[in-house]
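Engineer: what's the 3D shape of this:
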Amino acid sequence: MRVLVVTDAWRPQVNGVVRTIEHLAEEAPAFGAEIVLLTPDRFRTLPMPTYSEIRLALARTSVVAGMIAAAEADHVHVATEGPLGLAARRACLRAGLGFTTSYHTRFPEYLRRRFPVPERWTYAWLRRFHNAGAGTMVATESLRRDLEARGFLRLMPWTRGVDSERFRPIAGADEFGLPRPIFLSVGRIAAEKNLEAFLKLDLPGSKVVVGDGPARAELAAAFPDAHFAGTLEGERLARAYASADVFVFPSLTDTFGIVILEALASGLPVAAFPVTGPRDILEGTGAGALDQDLRAASLAALAIPKDRARSVALSHGWGEAARMFVENVRSVLARTPPKRAT
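Structural biologist: Purely as a prediction, here's the structure:
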């Protein structure tokens with residue numbers, strides 16, 4: 001089975017969508033599926049307003065339709081709702097091709113943080129976008145319930161995973177050389193990540209932020225006692241996790257939070273608000289502390305054994321995530337045999 005995945009999120013972006021698709025392409029062949037990609041690097045791009053690090057593809061529907069036909073795929077999966085995803089959706093509808101989508105990002109909440117746009121307007125647009133497909137893949141049960149209540153149809157589970165060989169406890173790791181305990185946050189530094197809720201906490205030891213984004217300069221100036229390490233990758237990122245004592249995840253709007261699994265795999269207990277993502281991963285595991293008081297959660301997480309955190313992560317492999325994706329596609333094809341674009 002050959003599946004074309006169309007995504008606006010791609011390298012050099014560093015985020016959960018890119019990591020998910022990278023791992024899907026690596027793991028899917030074990031389940032009888034080949035993943036081919038249609039990404040913005042095949043088009044001219046422009047910087048996204050208010051977030052220049054993200055480049056938006058100038059993708060005409062006719063051109064994308066030709067690329068879909070050339071891929072000779074059995075199925076098309078539209079992973080994102082950006083310009084490339086929109087063009088692919090239109091091309092599939094015009095050609096009568098079945099397709100699936102995935103819901104990675106809470107755009108209504110993100111957009112509201114930047115502009116005075118009512119969430120209900122954006123949700124109405126997203127509902128129309130996704131309901132045109134044969135199914136929408138979602139990462140967590142709480143997200144499924146939320147979207148179902150908002151009128152989204154044909155929701156399908158597609159979890160996330162972690163590379164537990166790369167992200168692991170490393171004895172003696174001390175990437176930062178800062179006073180302990182070290183409270184760490186990793187991710188995009190942008191308004192929607194709610195990092196200020198972490199940085200303003202009165203905590204012992206040190207606060208470290210790994211990542212980059214449009215809000216970095218402002219937050220670094222406002223919180224000079226915090227250490228901003230910039231973007232780290234590979235072994236340096238693994239050592240950064242292993243050098244900390246608690247992982248703090250302040251986001252209120254993520255649909256999952258792959259960084260939570262990376263932290264757990266590194267032996268870090270997690271402190272977070274009890275919202276979609278953290279709740280689905282951590283509730284009932286004893287590997288994290290969920291509390292509306294993020295300071296209380298952070299201090300409580302200090303008492304959690306690191307081996308407990310690691311054991312929870314080991315049950316979340318990327319192979320299982322790929323299996324779920326492939327089974328979702330097969331279930332759609334069983335209902336509607338594939339029709340290839342011409």
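
Engineer: Report how many residues lie close to Pro305.
Structural biologist: Residues lying near Pro305 (other Cβ atoms under 10 Å) number 12. The C-beta positions use only the backbone N, C-alpha and C, and glycine is treated the same way.

Engineer: Would you check how far apart the residue lying closest to Ser52 once chain neighbours are set aside and Leu195 are?
Structural biologist: Spatially, and ignoring its direct neighbours in sequence, Ser52 is nearest to Pro214 (7.5 Å; Cβ to Cβ, 6 or more residues apart in numbering). Using Cβ to Cβ, to the nearest Å, we find Pro214 at a distance of 12 Å from Leu195.

Engineer: go on, Leu155?
Structural biologist: 30 Å.

Engineer: Between the two, tell me which one has more neighbours.
Structural biologist: Legend: neighbour count by other Cβ under 10 Å for Leu155 and Leu195, higher for Leu195 (25 against 18).

Engineer: before we move on, back to that, so what sits against both of Pro214 and Leu195?
Structural biologist: Ile189 (Cβ atoms under 8 Å, 6 or more residues apart in numbering).

Engineer: Could you give the bridge partners of Met137?
Structural biologist: Beta-bridge partners recorded for Met137 (DSSP bridges): Ser102, Met156.

Engineer: what are the phi and psi angles of Asp212?
Structural biologist: Phi and psi for Asp212, reported as degrees, to the nearest 10, are phi -150, psi 170.

Engineer: right, and it touches Gly187 too?
Structural biologist: No: taking contacts as Cβ atoms under 8 Å, Asp212 lies outside contact range of Gly187: 9.8 Å.

Engineer: Neighbour count for the two, which is higher?
Structural biologist: Gly187 (22 against 18).

Engineer: residues touching that one, list them.
Structural biologist: Lys193, Val210, Gly211, Ser251, Val259.

Engineer: Ser298: which of the residues you listed is nearest?
Structural biologist: Closest to Ser298 out of the contacts of Gly187 is Ser251 (14.4 Å), distances taken as Cβ to Cβ.

Engineer: Let me see the domain layout of the protein.
Structural biologist: Annotated domains of the chain cover 2-161+318-335, 182-313 [automatic domain parsing].

Engineer: Quote the end-to-end distance of the last one.
Structural biologist: The stretch domain 182-313 measures 20 Å between its terminal residues, going by Cα to Cα, to the nearest Å.

Engineer: Could you name the helices and strands sitting against the longest helix seen in the chain?
Structural biologist: When the chain is parsed with DSSP state H, its longest helix is helix 318-335. On a contact count with 3 or more Cβ pairs under 8 Å, 6 or more residues apart in numbering; DSSP states H and E, helix 318-335 meets helix 16-27, strand 75-78, strand 99-102, strand 155-157.

Engineer: Other residues contacting that helix?
Structural biologist: Helix 318-335 is touched from outside by 1, 3, 20, 23-24, 26-28, 30-33, 74-75, 77, 98, 100, 134-135, 137, 156-163, with contacts defined as Cβ under 8 Å, 6+ apart.

Engineer: Among these, the buried ones, what's the ChimeraX command?
Structural biologist: This is the ChimeraX syntax for the buried subset of those, where burial follows 16 or more other Cβ atoms under 10 Å:
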select :1,3,20,23,24,27,28,33,74,75,77,98,100,134,135,137,156,157,158,159,160,161,162,163
